[in-house]
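Participant: can you look at this prediction? I've put the sequence above it.
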Amino acid sequence: MKYLVLLGDGMSDEPLGQLGGATPLEKADTPHMDRLARQGSIGLVRTVPDGFHPGSDVANLSVFGYDPHQCYTGRSPLEAASMGVELGPDDVAFRLNFVHLVPHFNKLYMGDFSAGHIPTDQAQSLIAALKEYLEDDQFQFHPGVSYRHLMVWRGGSEAMQCTPPHDITNKCIGEYLPKGEGAEELIHLMTQAQIVLKNHPQNLRREQEGELTANSIWLWGQGRAPRMKSYRELYGLSGAVISAVDLIKGIGIYAGMEAIRVPGATGYIDTNYRGKAEAALAALEEKDFVYVHVEAPDEAAHSGNLEHKIRAIEDFDREIVGAIVEGLQGRHDFRLAVLPDHPTPVEKMTHTADPVPFILYDSTSPRESGHSGYSERNARESDLFYASGVELFAALLGR
């Protein structure tokens, strides 16, 4: 038996007045997910345990079949694994976002958490500047993709409160700066980075061309290296993970999976959807399990862009779900789950911890569920509910 998880990050939402009370998932044209919902099972699953922030790190760990209570230490250590950065026992990894801050009446506001989705090649030149001017034996900088990068604090502190920048769009950053032990050093580093970035040629060019500048860094998601059992130990499975996002690839690496890099995978609406689908089908020839993650719906919702979110959901349905199911035609030995990791409501522009709608489909026993399609509303009306991602994963495996 082959197993797949097809995950549209942040896909679920809340009813919107401009959509006549529908959600973006209900509004989007999703014939492939609707068909799977009619021929499989649909319900709700709680992916964010009580007491945890509803981040993609915790939620995806849960969907992968891990209990965050047992293995979660922070977001950035997972990203470090994907980037090939080895953490010592005293090292603390931080996510480093390039952001665009806006001055207003002697205060700074979070204008854009992604610095206008700065391209990777431009961001790498900015990381190089940070390495040249700010890196030392204590702080090291590592390039990632687009606005997502890594800072490692050797022998650093993790006992502080840091806020995800996508949670504070258009808000004054003053009350959201790091707090607690070690916070002053981080704030000083962020301030020094602003000086380095201010007149960097890449930013001057972006400003001339009317693009948002990456005029600051934002540090968050800190943690030390986790201890996780592999999929082989937990479930007796080999696996592969396909994502543009280092966080998801890092979870897969800690799980002992192959992290497949797809050319043109960007983490936004211009990502190489079809390349991901083809990579998934190829991986299934050798692996027992494949996890396909698409970031685009979440990124659109964080930007408050309803049009882009609907487009991202439709692209996910057609280019990922539709293409993979079509590629599996003739096989009668696969089970798949389709779901988001958490809701990212467009109007709130951040995550919530509400349960998310899922589809479970078994090619060996398709059946008519009686549901009209895949939506939050239909999932709520179902009597199927899983209290954790571990329970959902067990159901996917038929255990």
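Facilitator: Cool, got the structure.
Participant: buried ones in the helix or strand hosting V102?
Facilitator: Here V102, judged by DSSP states H and E, is contained in strand 92-104. Across strand 92-104, burial judged by 16 or more other Cβ atoms under 10 Å covers V92, A93, F94, R95, L96, N97, F98, V99, H100, L101. For the C-beta atoms, the positions are set from N, CA and C on the backbone; glycine is no exception.
Participant: check stretch 219-231 too.
Facilitator: So for stretch 219-231, counting by 16+ other Cβ under 10 Å, buried means L219, W220, G221, Q222, G223, R224, A225, P226, M228, Y231.
Participant: what sits against the third one?
Facilitator: Counting by Cβ atoms under 8 Å, 6 or more residues apart in numbering, G221 makes contact with G55, D57, G74, R75, S76, E79, F94, R95, C162, P164.
Participant: cutoff 10 Å now
Facilitator: For G221, the contacting residues are 53, 55-57, 74-79, 93-97, 150, 162-164, 247, by Cβ atoms under 10 Å, 6 or more residues apart in numbering.
Participant: the next helix or strand after the strand holding V102 packs against which elements?
Facilitator: As assigned by DSSP H and E, the chain's next helix or strand after strand 92-104 is strand 107-112. If you count contacts as 3 or more Cβ pairs under 10 Å, 6 or more residues apart in numbering; DSSP states H and E, strand 107-112 packs onto strand 92-104, strand 216-223.
Participant: now those as CSV including distance to Y66 and mean pLDDT?
Facilitator: Below are the helices and strands packed on strand 107-112 laid out as CSV (distance: least, Cβ to Cβ, whole Å; pLDDT from 0 to 100):
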stretch, distance to Y66, mean pLDDT
strand 92-104, 18, 97
strand 216-223, 15, 97
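Participant: JSON lines for these, including distance to I310?
Facilitator: Output for the helices and strands packed on strand 107-112, formatted as JSON lines (distance: least, Cβ to Cβ, whole Å):
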{"stretch": "strand 92-104", "distance to I310": "25"}
{"stretch": "strand 216-223", "distance to I310": "28"}
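Participant: out of these, which gets nearest to M1?
Facilitator: For M1, the closest of these is strand 216-223, at 34.5 Å, according to Cβ to Cβ.
Participant: got the domain ranges for the chain?
Facilitator: Domain ranges of the chain: 2-72+229-397, 92-223, per automatic domain parsing.
Participant: comparing these, which comes out most buried?
Facilitator: domain 2-72+229-397 (a mean of 21; mean count of other Cβ atoms under 10 Å).
Participant: next one: it to chain centre, how far?
Facilitator: Computed by Cα atoms, centre = their mean, to the nearest Å, the chain-centroid distance of domain 2-72+229-397 equals 11 Å.
Participant: and the end-to-end length of that domain?
Facilitator: With Cα to Cα, to the nearest Å applied, domain 2-72+229-397 spans 9 Å between its terminal residues.
Participant: about what we covered before: neighbouring strands - and their directions - for the strand holding V102?
Facilitator: Strand 92-104 pairs in its sheet with strand 107-112 (antiparallel), strand 148-153 (antiparallel), strand 216-223 (antiparallel), by DSSP bridges.
Participant: so who does the residue of the chain positioned farthest from its centre touch?
Facilitator: Residue distances from the centre of the chain (Cα atoms, centre = their mean) peak at F105, which lies 34.0 Å from the mean C-alpha position. Residues near F105 by Cβ under 10 Å, 6+ apart: C172.
Participant: ok, so of the buried residues of strand 92-104, who is nearest G327?
Facilitator: Among the buried residues of strand 92-104, R95 lies closest to G327 (Cβ to Cβ), at 34.0 Å.
Participant: identify the bridge partners of that closest one.
Facilitator: L150, W220.
Participant: pretty sure it contacts F141?
Facilitator: No - contact criterion Cβ atoms under 10 Å: R95 and F141 do not qualify, at 11.9 Å.
Participant: between those two, which contacts overlap?
Facilitator: Here R95 and F141 have H149, L150, M151, I217 as joint contacts, going by Cβ under 10 Å, 6+ apart.
Participant: what angle sits between the helix or strand containing A129 and strand 216-223?
Facilitator: Following DSSP H and E, one finds A129 within helix 120-134. Helix 120-134 runs at 90 degrees relative to strand 216-223, counting by axes from the mean of the first three to the mean of the last three Cα atoms, to 10 degrees.
Participant: please name every helix or strand in contact with helix 120-134.
Facilitator: With contacts taken as 3+ Cβ pairs under 10 Å, 6+ apart, helix 120-134 sits against strand 92-104, strand 139-145, strand 148-153, helix 183-198, helix 201-208, strand 216-223.
Participant: how far off strand 139-145 does the last one point, in degrees?
Facilitator: Here strand 216-223 runs at an angle of 100 degrees relative to strand 139-145 (the same axes, to 10 degrees).
Participant: in TSV: the domains of the chain, plus distance to M83.
Facilitator: Listed next are the domains of the chain as TSV, based on distance: least, Cβ to Cβ, whole Å:
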stretch	distance to M83
domain 2-72+229-397	6
domain 92-223	6
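Participant: please name the nearest non-neighbouring residue to the residue nearest in space to the middle of the chain.
Facilitator: Nearest to the geometric centre of the chain sits S56, at 4.9 Å (Cα atoms, centre = their mean). Of all residues not flanking S56 in the chain, D341 sits nearest, at 5.6 Å (Cβ to Cβ, 6 or more residues apart in numbering).
Participant: before we move on, the earlier item: report the mean confidence score over the helix holding A129.
Facilitator: Averaged across helix 120-134, pLDDT comes to 97.
Participant: show me the contact partners of that helix.
Facilitator: Helix 120-134 is contacted from outside by 96, 98, 115-118, 135, 139-151, 189, 192-193, 195-197, 200-203, 205-206, 211, 213-214, 217, 266-267, using Cβ under 10 Å, 6+ apart.
Participant: that older thread, can I get the helices and strands packed on helix 120-134 in JSON lines including distance to P49?
Facilitator: Listed next are the helices and strands packed on helix 120-134 as JSON lines, based on distance: least, Cβ to Cβ, whole Å:
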{"stretch": "strand 92-104", "distance to P49": "21"}
{"stretch": "strand 139-145", "distance to P49": "27"}
{"stretch": "strand 148-153", "distance to P49": "25"}
{"stretch": "helix 183-198", "distance to P49": "27"}
{"stretch": "helix 201-208", "distance to P49": "40"}
{"stretch": "strand 216-223", "distance to P49": "17"}
